[in-house]
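A.B. asks: need coordinates for the following:
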Amino acid sequence: MEVVFLFVMVIGLMLIGVPIAVSLGMSSILFLLLLSDTSLASIAQTFFQAMAGHYTLLAIPFFILASSFMSTGGVAKRIIRFSIALVGHFHGGLAIAGVFACMLFAALSGSSPATVVAIGSIVIAGMRQVGYSKDFAAGVIANAGTLGILIPPSIVMVVYASATDVSVGRMFLAGVIPGLMAGTMLMVTIYIIARIRALPKGEWKGWGEVFESGAEAGWGLFLIVIILGGIYGGIFTATEAAAVCVVSATLIGFVQRKLDWAGLWAAVKETCVQTSAIFLIAASAKIFVAFVALTGVAGTIVGFVSDAQMSLVVLMLCIALIYLLLGMFLDPIGIMVLTLPLMIPLVESYDLNLIWFGVVVIKLLEIGLITPPVGLNVFVIANVVGREAPIDKMFAGITRFLSVDFIVLILIMSFP
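C.D. replies: Prediction:
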């Protein structure tokens, strides 16, 4: 019952505009002080241990900083040109190129909003110029941008790995095939729609343009090889890969004269703001975990499910429904810190693989990013396109692609 009151308090605070870190942390501290003999000193120690005990969390500021450098350093523009050179001549080619560019940039940034802003600010304007509707253009990029949390390296995957004590490298590896599958299926869907609706296609400029644009985008593409190849080859950890990515992105930006000291300082300040928010959420989550352990609610849930003899299929459907509903209102990291302390003991009681479960959860959170009434990616796109397309029109443009996401989700859940 205490956990129910805590959830009500947290959700209530969030609904009136209090940030999730403050809502979760303040509520958990209050309940701990009222219902146990926990002192403020021990709570402060828990906050410290939440940060000091997780080396993997260091990857987050590095990936955010590298993403900022690449956005200001023109990497996104060069990736888009390369994508258009490869697939722009198909029906719906510019939209397909936008998806392909999102997949490539996702493998560099680790962030869904960053991918949407970097690629959408360029591709959507181009799609509008050649005759695509505003809702279709916004829907394509909003959907493709969600791949930023599924295709490694993913900041959300780092947070999940930290919360569940699984390997970040294994999480990244597990996201490769689902990410490629989701992107490919989205591109095929766009091509089919484009053939039916006779959407415009670009001109094939020959292999010379492909090689030239590929060479121009080469440094950005090489960073993908460094990050993923280094992790999967055992050369360095995910955190070390993130640090290497920052150094490489900085050098590339200065060498190509796309990054100056003012841009460097702006990127560092933005990284500090974003990292502080994520770390405060992670620290608040530790207080919440302590409260959950105190109440024993996780064991109660496991016992209830066990007594109900719930099948694995029914269990996963219930979990999927919970995440889809929460995804309509909350951001991915906030959902994870609220639910994982309750879900992980339940998943372990069924002897399920936590890496596979993490990919399923992230795919569900990905769908939540584009689901009304509060799809984060949709509002990011709204800032990109300005007032040209109302929110309801953009949601309408996205829903035609949601079936692809659910097919990918079913495949991931069916073949762990």
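A.B. asks: point out where the stretch 201-350 of the chain drops to low pLDDT.
C.D. replies: 292-302, 306-307 (pLDDT under 70).
A.B. asks: what about the helices in it?
C.D. replies: 207-216, 218-224, 230-232, 238-255, 261-295, 297-307, 312-327, 332-349 (DSSP state H, counting those that start in this stretch).
A.B. asks: tell me, what residue is most central in this protein?
C.D. replies: Residue closest to the mean C-alpha point of the chain, counted by Cα atoms, centre = their mean, is Ile149 at 2.5 Å.
A.B. asks: how far away is the nearest residue to that one once chain neighbours are set aside from Ala320?
C.D. replies: Of all residues not flanking Ile149 in the chain, Val156 sits nearest, at 4.3 Å (Cβ to Cβ, 6 or more residues apart in numbering). No exception for glycine: its C-beta is placed from N, CA and C like everyone else's. Using Cβ to Cβ, to the nearest Å, one obtains 17 Å as the distance from Val156 to Ala320.
A.B. asks: so those two - more neighbours on which side?
C.D. replies: Just comparing Val156 and Ala320: by other Cβ atoms under 10 Å the higher neighbour count belongs to Val156, 27 against 19.
A.B. asks: how about the more buried one, what does it touch?
C.D. replies: Ile149, Pro332, Ile333, Met336, Ile362, Leu365 (Cβ atoms under 8 Å, 6 or more residues apart in numbering).
A.B. asks: so where do the helices sit in the stretch 51-200 of the chain?
C.D. replies: With DSSP H, counting those that start in this stretch as the criterion, the stretch 51-200 of the chain has helices spanning 59-72, 75-87, 93-109, 112-129, 134-145, 155-164, 168-197.
A.B. asks: which of those helices sits closest to Ile410?
C.D. replies: Proximity to Ile410, assessed across these by Cβ to Cβ, is greatest for helix 168-197 (11.6 Å).
A.B. asks: who are the packing partners of the closest one?
C.D. replies: Packing partners of helix 168-197 (3 or more Cβ pairs under 8 Å, 6 or more residues apart in numbering; DSSP states H and E): helix 93-109, helix 134-145, helix 155-164, helix 230-232, helix 238-255, helix 354-368, helix 391-414.
A.B. asks: so which of the ones you listed comes closest to Gly183?
C.D. replies: Among the helices and strands packed on helix 168-197, helix 93-109 sits nearest to Gly183 (Cβ to Cβ), with 4.4 Å.
A.B. asks: distance from the chain centre to the closest one, please.
C.D. replies: 15 Å (Cα atoms, centre = their mean, to the nearest Å).
A.B. asks: now it against helix 238-255, angle please.
C.D. replies: Interaxial angle, helix 93-109 versus helix 238-255 (axes from the mean of the first three to the mean of the last three Cα atoms, to 10 degrees): 120 degrees.
A.B. asks: what angle sits between helix 93-109 and helix 112-129?
C.D. replies: Using the same axes, to 10 degrees: helix 93-109 against helix 112-129 is 160 degrees.
A.B. asks: helices or strands next to helix 93-109 in the packing?
C.D. replies: By 3+ Cβ pairs under 8 Å, 6+ apart, helix 93-109 packs against helix 59-72, helix 75-87, helix 112-129, helix 134-145, helix 168-197, helix 218-224.
A.B. asks: ok, and the closest non-adjacent residue to Phe5?
C.D. replies: Phe31 (7.6 Å).
A.B. asks: look up how far Ile16 lies from that neighbour.
C.D. replies: Counting by Cβ to Cβ - Phe31 and Ile16 are separated by 19 Å.
A.B. asks: when the two are compared, which one has more neighbours?
C.D. replies: Neighbour totals were compared for Phe31 and Ile16, and Phe31 leads with 21 against 7 (other Cβ under 10 Å).
A.B. asks: the more buried one - that's part of a helix, no?
C.D. replies: Yes: the assignment for Phe31 by DSSP: H, G, I helix; E, B strand; the rest coil puts it in a helix.
A.B. asks: my guess is it contacts Leu6. True?
C.D. replies: Yes: if you go by Cβ atoms under 8 Å, Phe31 and Leu6 touch, sitting 5.4 Å apart.
A.B. asks: any common contacting residues for those two?
C.D. replies: With Cβ under 8 Å, 6+ apart, Phe31 and Leu6 have common neighbours Phe291.
A.B. asks: so what's the residue count around Asp351?
C.D. replies: Neighbours of Asp351 using other Cβ under 10 Å come to 7.
A.B. asks: for it, report the pLDDT, please.
C.D. replies: pLDDT recorded at Asp351 is 87.
A.B. asks: the one 3 residues further on too?
C.D. replies: Looking at Leu354, its pLDDT is 93.
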